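**Q** sequence first, predicted model second:
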Amino acid sequence: VADTPPAADSSYYNGSQDASATTYSQETSALGSAPAADQWNDPASQYQSTAATDPWNQGVTNTAYSSSYGQDSWDNAPPAQSGGQEEGWDDDWDDDGASTGSSTATTPTSPTTRSMSSDAGKAAGTMRKSLNRFSMFVKSGGEAYILGTTKSAGSTKNRVSVTESQEGITWGPNPAPYTVSVADPKKDSKLKGLKSFITYQLTPDNSNKTVSRRYKHFDWLYERLIEKFTTIAVPPLPEKQVTGRYEENFVEGRRQQLQLWVNRMSRHPVVSQSEVFQFFLHSTDKEWKDGKRRAEKDPLVGGAFFHTVDTPQSRLETGRIETNMEHFNKFQKSMDDGVKNLLAVAAENTKKHMGGFKREYQRVGEAFFRLGTTFDMDKRQSSKPLTNAIRKTGAAYSKIGIMFEEQPQHDLNPLMLKVDEYKGILSTFPDILHAMKGTMTKVRDCQRMVEEGKMSGDELEEVRDRSDVITYTTLAEIQNFHEMRVLDFKEIVQHYLKEQIEFYSKIKTTLEDSLKDYENI
């Protein structure tokens, strides 16, 4: 980011204003796409890495938010017909080659989005919905909620709270924190072995009951979460793979990525307590089909979800919000660049460890060993200690070469795995910021209608109340992101440094042991 971010109010945003992260070259890295342009200040630019466009001028289909709102809640949806549940509970997912919600782990995608412009109606006291039928803001139900046309049936249960304190605007505390392990991946089959797949064993520590889940079940959950929570950063799942998906290294790598994803969701104060996530973690095979249908008919998704949110009563100032949103937008873009740059450098360093560094140390070791072989031509007894010491020095350097080859699995690989997760998280924020931009645009439209006599002042106040709910949830999610970022990157860098210290300590010890061989010569 070239310009200086505007000053941000610390009660809304407490993150760094450093925007100096270096953008890595696309030609030298395959870890990500080009950094996104600024959606707030450059109307002609696009979020290239997430396919999101500027909310003011463009409009594209967003299929991720295209589901309609059913009237059946989780409790009154019609039950599925009985029979065959034990054997066919996951028959809805027999194709492992297609996915609507997953994306690559290195270049996570997000749904394409369109502008959130809207047109005011001509009749006093009423508003006509936006003519842009494919607007993400419209299709997610954000506009309908602001205009008061969404249904709130069932919203008295599972309430979500947003609070304001000295720390800023945050989600309410998690009433029952828990963790979930994703373990023991194994190859399974159905249809007498014609259909093979990998299952993962999930065990929440608040129940200690294990359930078996396929990747398709994670994919289904992901779709439900992005449909329900439009202002929450739900990162993409690791990518699918057609070939080699049963190889041990791939299966373990995917397990680690799924563990990170489940950790992220189970740590979130809203997602972790949601019915759909709890259903995913605890439902048995017999319960799956009925619960799946009820979840897919949840009426409180998208814009209707905001009916379940309790927020502070104080009115949010538009100028203050815009300043903080612009600041976070710049921070998010700069962090995205920095994360991709770190991934590129780490990948390059890994390649050097396993190639160049290993070869160079082994070349040094070979040179010493060859010299020792030459000295061995001297058969005098007094020459043998030096010959043996030089040969051991050669062996020491060859050993260090192997140590370099093996080291990335201890430091660089864990770093890249967790930093790559943040690349996925960051890819979700352009859509969230688009929704926020659409909210502010709709409020301005309503203000203009009041000036034109097409809407009453009381109706405008109701619109402002509802827009504040969306704004509060967005600010709470940004605050949650920063709190998790501080904790996560502290742990990421600490682990990397500790492993580096241990690695170079081993090298130091290896060289010191070799040095001792020369003391008695």
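**A** It's in.
**Q** shaky segments in the stretch 1-150 of the chain?
**A** 1-136 (pLDDT under 70).
**Q** at 50 what do you get?
**A** Where the stretch 1-150 of the chain drops to pLDDT under 50, the residues are 1-73, 75-88, 92-134.
**Q** from residue 485, how far out is the residue lying closest to residue 462 once chain neighbours are set aside?
**A** In space, not counting the residues next to it along the chain, residue 462 is nearest to residue 148; the distance is 6.3 Å by C-beta to C-beta, 6 or more residues apart in numbering. For every residue, glycine as well, the C-beta is placed using N, CA and C. For residue 148, the distance to residue 485 (C-beta to C-beta, to the nearest Å) stands at 35 Å.
**Q** so for the two, which residue has more residues nearby?
**A** residue 485 (16 against 13; other C-beta atoms under 10 Å).
**Q** over to the more buried one. Which of the three states is it?
**A** State at residue 485, reduced to three classes by DSSP: H, G, I helix; E, B strand; the rest coil: helix.
**Q** quick one, strands of the stretch 101-250 of the chain?
**A** Applying DSSP state E, counting those that start in this stretch to the stretch 101-250 of the chain gives strands spanning 160-165, 168-171, 180-190, 195-204, 211-214.
**Q** over to the stretch 401-521 of the chain?
**A** Going by DSSP E, counting those that start in this stretch, the stretch 401-521 of the chain shows no strands.
**Q** show me where it has helices.
**A** Per DSSP state H, counting those that start in this stretch, the stretch 401-521 of the chain carries helices over the ranges 412-426, 429-451, 457-516.
**Q** residue 234: neighbour count?
**A** Counted with other C-beta under 10 Å, residue 234 comes out at 24.
**Q** also residue 436?
**A** By other C-beta under 10 Å, neighbour count at residue 436 equals 28.
**Q** what's near enough to touch it?
**A** Contact partners of residue 436, counting by C-beta atoms under 8 Å, 6 or more residues apart in numbering, are 231, 325, 470, 471, 474.
**Q** measure it to residue 475 for me?
**A** From residue 436 across to residue 475, the span is 9 Å (C-beta to C-beta).
**Q** as JSON lines, the contacts of residue 436 with distance to residue 246 and neighbour count would be great.
**A** Formatted as JSON lines, the contacts of residue 436 follow (distance: C-beta to C-beta, whole Å; neighbours: other C-beta atoms under 10 Å):
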{"residue": "231", "distance to residue 246": "38", "neighbour count": "26"}
{"residue": "325", "distance to residue 246": "45", "neighbour count": "23"}
{"residue": "470", "distance to residue 246": "44", "neighbour count": "26"}
{"residue": "471", "distance to residue 246": "47", "neighbour count": "25"}
{"residue": "474", "distance to residue 246": "41", "neighbour count": "25"}
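**Q** of the residues you listed, closest to residue 156?
**A** residue 470 (19.8 Å; C-beta to C-beta).
**Q** do you know how far that closest one is from residue 438?
**A** Distance, residue 470 to residue 438, using C-beta to C-beta: 9 Å.
**Q** also residue 271?
**A** 22 Å.
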